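[1] sharing a model that was predicted from the sequence below.
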Amino acid sequence: MNARNLMKTVATALMVGLITSPMALAAGSGGGNGGGGNKPPTGETTGNNLSFPVIWAEGVTKVLRGVPGEIETKGAYWYQWGTNGTDPDVVPASCPSDPDENPGDGYCDDGVVGTVTLMAGEPEADNPLPLVRAYLQKDSLNTWQAGSADGSAMPVSVDWIDWGDNLESVDWYTRSQVRTEIVLLKDIAMPTTEYAMRHTSGWGINEVHGLAVSLDGEVQEGPGTQATVYSPCARLTIQKLLVAREVLPDDALDWVPQLGWTEKYPGTEYINEPVFNKAVYAGGDGPGYYSAEINVKGRIIYGYTWNVRQLHDLTGIPPTAAGDYRITFSLDDACGTANRNTSLTKAEILVPTEEDIALAAEEEEGGSDAGGATAILDKDNNLTYIDVRILERGGSSGNGGGNGNGNGPKK
């Protein structure tokens, strides 16, 4: 994965008492018994561990794996020592551990039962990092939990909004499955526990990351100067524009909370009713709902996979699903048992670098070779949107899995 540099931003931050875990466990408790690191995770339905701090803006939490301050690393691990290649062609320098080694000895799996012959860390990576054991996500024997906090005591003002690079880098087709990802980030004044993760293998839906632990058993931690923001008030709305996004007048539409965009002036036709319009607090999982999840990097993200082939607007002569669609991320004022405590009015959109765009475009299956959209922040309506283009020709039915997102501020 390409290196994504965090912007060293010191903002007026939310002063919250984030729950922290110890800096590191004693040597040995970080090492676990990994044995057989090339085996698949022990629990295929096991969720991801939280590695990046989170603020529960309305005091409503998600169920997390593990316990703050306790780390279990008895499951599968890979060795990782950097990356090879240059953007956008970057792959991790990594290998599965040899099941015949004593845990943590530093041998890659040589595929031969009863022998250990391949040393981890060799050959040296193009972009070297200290050699670590990366304990894999989605393994029931690997658990950890980064810092979290109840932010409901005072308003939570988001600092950064990170849309998925896949939406900003390519256009899509009428048969695509378009991954829509958004991360809300807050700069925090009190550093808290963030666990360092390493990319071990795969891309998109097959991407695997693991908790970085040094060979002497010390759990590696990140800077912990940012947190994601979770709000059950979040809503995703998808509507088809009736004109091309380039010619849509700036003042053509009005936002109606919970209902979507509508024409500002009588007699105009610029946008249709939503094909999707769901809020997190409504609950549920699957294609009929909107939710937040912990991604493979251990961050809370808002994610929805839009299957354009099944969910579209057949407007036009002849009727066609192709066209420009507005994807809007907003926050309801009332959300179940909570009232909105989250604001986007002081946030900034993270703009992707050329390297981010190139990498995202190369990773995507089902996207075009060019295009992409620009995310917009509407502070008056406390929302953000992006006008995505869906092209007519068949294209691929690929997953459009995104890049995991949530790496900001990086763009």
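    Thanks, I have the structure now.

[2] only C-alpha atoms from now on, for both contacts and neighbour counts.
    Will do.

[3] wait, isn't residue 345 in contact with residue 160?
    No - judged on CA atoms under 8 Å, residue 345 makes no contact with residue 160 at a distance of 10.4 Å.

[4] neighbour count for those two, which is higher?
    Legend: neighbour count by other CA atoms under 10 Å for residue 345 and residue 160, higher for residue 160 (21 against 17).

[5] roughly how far apart are that one and residue 186?
    According to CA to CA, to the nearest Å, residue 160 stands 7 Å off from residue 186.

[6] go on, residue 296?
    Distance from residue 296 to residue 186, by CA to CA: 20 Å.

[7] repeat for residue 77
    Distance from residue 77 to residue 186, by CA to CA: 31 Å.

[8] more neighbours: which of these two?
    Set residue 77 next to residue 186 and count neighbours by other CA under 10 Å: residue 77 wins out with 38 against 24.

[9] mind pulling up the pLDDT for that one?
    pLDDT, residue 77: 98.

[10] what bridges to it?
    residue 135 (DSSP bridges).

[11] please work out how many residues are found near residue 323.
    Look at residue 323: counted by other CA under 10 Å, it has 25 neighbours.

[12] per-residue pLDDT, it?
    Reported pLDDT at residue 323 in the predicted model: 95.

[13] specify the beta-bridge partners of residue 94.
    Going by DSSP bridges, residue 94 forms beta bridges with residue 80.

[14] residue 381 against residue 255, yeah?
    Yes - counting by CA under 8 Å, residue 381 touches residue 255, with 7.2 Å between them.

[15] name the nearest residue to residue 197, sequence neighbours excluded.
    Spatial nearest neighbour of residue 197, chain neighbours left out: residue 211 (4.8 Å); criterion: CA to CA, 6 or more residues apart in numbering.

[16] what helices and strands are in contact with the helix or strand harbouring the one you found?
    Element membership of residue 211 [criterion: DSSP states H and E] is strand 208-214. Under the contact criterion of 3 or more CA pairs under 8 Å, 6 or more residues apart in numbering; DSSP states H and E, strand 208-214 touches strand 127-136, strand 197-201.

[17] in the one helix or strand residue 187 maps to, which residues are buried?
    In the assignment (DSSP H and E), residue 187 maps to strand 177-187. By 16 or more other CA atoms under 10 Å, the buried positions in strand 177-187 come out as 177, 178, 179, 180, 181, 182, 183, 184, 185, 186, 187.

[18] now, which of the residues you listed sits nearest residue 266?
    residue 180 (31.7 Å; CA to CA).

[19] show me what that closest one is bridged to.
    With DSSP bridges as the rule, residue 180 is bridged to residue 304.
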